[in-house]
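**Student:** Pasting a predicted model and its sequence here:
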Amino acid sequence: MFKAVVVLTLLFTNSFAEGFYKKGVFVALEKVDEQNKVIHYKDTKGTSYNVSNGLILKTLSDYTPKYFETQYGLKKLKSYGDVIYFEVDDVSNVLPLCQRIYENEAVKYVQPSFVKKVHFNTIKFETFKKTSHPLQRRIISQANENTKEMLDSENTVNYYKYYDDVFRYEDESFWHLYNKGGFITQAYYQGEYYDVLSKKDVDTNALEVIDSGITGKGIKVVVVDSAFELTHPDLSFSDSYNFYLHNHDITPNTTADFHGTAVAGVIGAHRGNNYATMGVAPDAYLIGFNGLFEIEDDVIFSQSYIDIFYKALELNADIVNCSWTTVGSVDEASEDAINTFVQETRDGKGGFVVFSSGNEGSTSLLSEAALESVISVGAIEADGSRSLYSNYGNKLDLVAPSNFVSIDLNGENGFSENEMGFVAGTSFAAPVVSSVIALILESNPDLTREQLLEVLYSTTKKVGDTLYAYNIEESLLNTRYSKSKTHGYGLVDAKSAVEKAKLYQSVEHNNSNEKSPLLDNLKEGWNLVSTDRDIIDMSLFDDVEIIWSYVDGEWRGFSSKLTYAKVLRQEEKLLTSLKSGSAIWVYKGDL
């Protein structure tokens, strides 16, 4: 069987005769060298490709692995439905086989199992020890010991309520949970520290959600990283797996391998145990995957990468957090694995893959963070400004705090001599967003992926000295929510998101196009009516000119007409939902 393929109309020399197809386009490669059964190639732009003797394909027909073994001399290693891994005896035959199979068989893709480098998206902790501003214990009045209030008499988090050691420290250490403003933090960029004056409410509002009893219970969060301290007193893991050793041992193999433990602590560090910190979703179901790299051997094979997302799908996980990036572009098989997880997990309701944006201070996002199916997260400081190292651009989705305290390895191992310390980098902003998603899902587990994204993006805080613009040309979602190149849709707001998520009654109810009778007898001009139910789908009002309602002390409006909608979004006055019993002014006809 032959297929139509797209071949770039470039004049290649004989040295670029080999290659493979990526999304239907032939990528011509030139061999550079070979080491340890891995061939190093480069393309016409100088981009490097390291090819192993593995081959990965996805069929579009009823092929069996035996067919490819017989026809092409391959050896099957593993399969996930239509995705099959093969081994090739001679690594020099991998590219010719990829080309032959793609041009002659019904496959979505066929490619080598590439060998890639992996980068942590964290600041070097060797230099990021706050020597001039070490952790300072607060003196807490004994009179506050028995209070049940969230805040104490100093308007800071009451340690005795949450009973976690971090809350004995200065406000700088936990501002991602609650930021009262007015205190100095130290930010870091290119070897230099600079002071930042914190601003009130530049936080996730997560403490109020936790205080209400929503803590991420029952939500499966996969943390993909280097290793995790299984015996850490502030963490609990389930269903964890080591994709290097093919067992359940995900413990660090060196005393410096702190990264995964610190990232997991941002999400799920226990509360109420008088130890270390409290996570943003302290009761989330944590799953640790050591699947990509060792601390001293930071390489990944495409087939191991794909295993991660199919294993997460097998566990029916809700969220996958990735505080790292691979070097170079994402290969087609890896992107397909991410998309498959996002579409099929949670029994078909869809899941969430969260990637950190990267720490190069670049105006474009790193490979995975730029994918459409991924939620990309940049970092901000306690005044709402972009962390200067944080990558940004049109494809950035959200921002979240970094530069706060998380847990470390026990004893003197890790990045600090203590069991906790300051962490910085987009590595630690990403798990904040993963945590907020977990809180939203606990509040309403029936939400589809599309509904949750609508909740998440429509309830953000518009922080930072940046322009949030409504630009219909830029992206589909941006026709509904204002966006900034440096801050995406804004800072995640757990409280507002959870409140809105609770308004969704069920998947069936909210997918209904049933028309409410409140619009049946409108006269021309202004009408005062009251909603008869919670309204999430604002398209109900598409046939009227504009509506207004007084919400939380201010007038907010909604209109499907572009002229009004653009102004409402730019002024942050857009109604995105209405509670039952809301009084609304509706204008019928042309204004």
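**Tutor:** Here it is on my side, so go on. Keep in mind it's a predicted model, so treat the numbers as computed, not measured.
**Student:** I'd assumed residue 342 was in contact with residue 350.
**Tutor:** Yes: with contact defined as Cβ atoms under 8 Å, residue 350 counts as touching residue 342 (6.0 Å). Backbone N, C-alpha and C define where each C-beta goes, glycine included.
**Student:** which stretches of the stretch 51-200 of the chain form helices?
**Tutor:** Ranges of helices in the stretch 51-200 of the chain, per DSSP state H, counting those that start in this stretch, are 65-72, 94-104, 159-162.
**Student:** just so I know, which of those helices lies nearest residue 571?
**Tutor:** Closest approach to residue 571 among the helices of the stretch 51-200 of the chain is made by helix 159-162 (37.4 Å; Cβ to Cβ).
**Student:** ok, residue 122 to residue 577 distance?
**Tutor:** Residue 122 is 37 Å from residue 577, where distance means Cβ to Cβ, to the nearest Å.
**Student:** Please identify which of the two sits among more neighbours.
**Tutor:** Higher neighbour count among residue 122 and residue 577: residue 122, with 23 against 20, using other Cβ atoms under 10 Å.
**Student:** mind checking pLDDT for the more buried one?
**Tutor:** For residue 122, the pLDDT comes out at 70.
**Student:** Quick one: neighbours of residue 535, just the number.
**Tutor:** 23.
**Student:** Tell me how many other residues crowd the residue lying closest to it once chain neighbours are set aside.
**Tutor:** Leaving aside its chain neighbours, residue 535 sits nearest to residue 578 (4.4 Å; criterion: Cβ to Cβ, 6 or more residues apart in numbering). By other Cβ under 10 Å, the residues close to residue 578 number 24.
**Student:** Surely residue 578 is in contact with residue 584?
**Tutor:** Yes: using Cβ under 8 Å, residue 578 makes contact with residue 584 at a distance of 6.8 Å.
**Student:** what sits against residue 115?
**Tutor:** Neighbour list for residue 115: 38, 50, 51, 52, 299, 300, 301 [criterion: Cβ atoms under 8 Å, 6 or more residues apart in numbering].
**Student:** Next, format the residues you listed as a markdown table and append secondary structure and neighbour count.
**Tutor:** Listed next are the contacts of residue 115 as a markdown table, based on DSSP: H, G, I helix; E, B strand; the rest coil; neighbours: other Cβ atoms under 10 Å:
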| residue | secondary structure | neighbour count |
| --- | --- | --- |
| 38 | strand | 16 |
| 50 | strand | 19 |
| 51 | strand | 28 |
| 52 | strand | 20 |
| 299 | strand | 16 |
| 300 | strand | 23 |
| 301 | strand | 21 |
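**Student:** what is in contact with residue 578 and residue 584 at once?
**Tutor:** Common neighbours of residue 578 and residue 584 (Cβ under 8 Å, 6+ apart) are 531, 549.
**Student:** what's the longest helix in this protein?
**Tutor:** helix 426-443 (DSSP state H).
**Student:** which is the next helix or strand following that helix?
**Tutor:** Downstream of helix 426-443, the first helix or strand assigned by DSSP states H and E is helix 449-458.
**Student:** quick one: low-confidence parts of this structure?
**Tutor:** When residues are selected by pLDDT under 70, those of the chain lie in 1-16, 123-147, 291-299, 411-418, 470-480, 505-516.
**Student:** and if we set it to 50?
**Tutor:** For the chain, the stretches with pLDDT under 50 are 1-2, 7-13, 124-133, 140, 142-143, 295-297, 472-478, 506-513.
**Student:** beta partners of residue 109?
**Tutor:** residue 58 (DSSP bridges).
**Student:** re earlier: and the longest helix of the chain with helix 449-458, angle?
**Tutor:** Helix 426-443 runs at 120 degrees relative to helix 449-458, counting by axes from the mean of the first three to the mean of the last three Cα atoms, to 10 degrees.
**Student:** For residue 522, the count of nearby residues, please.
**Tutor:** Applying other Cβ under 10 Å, we find 16 other residues in the vicinity of residue 522.
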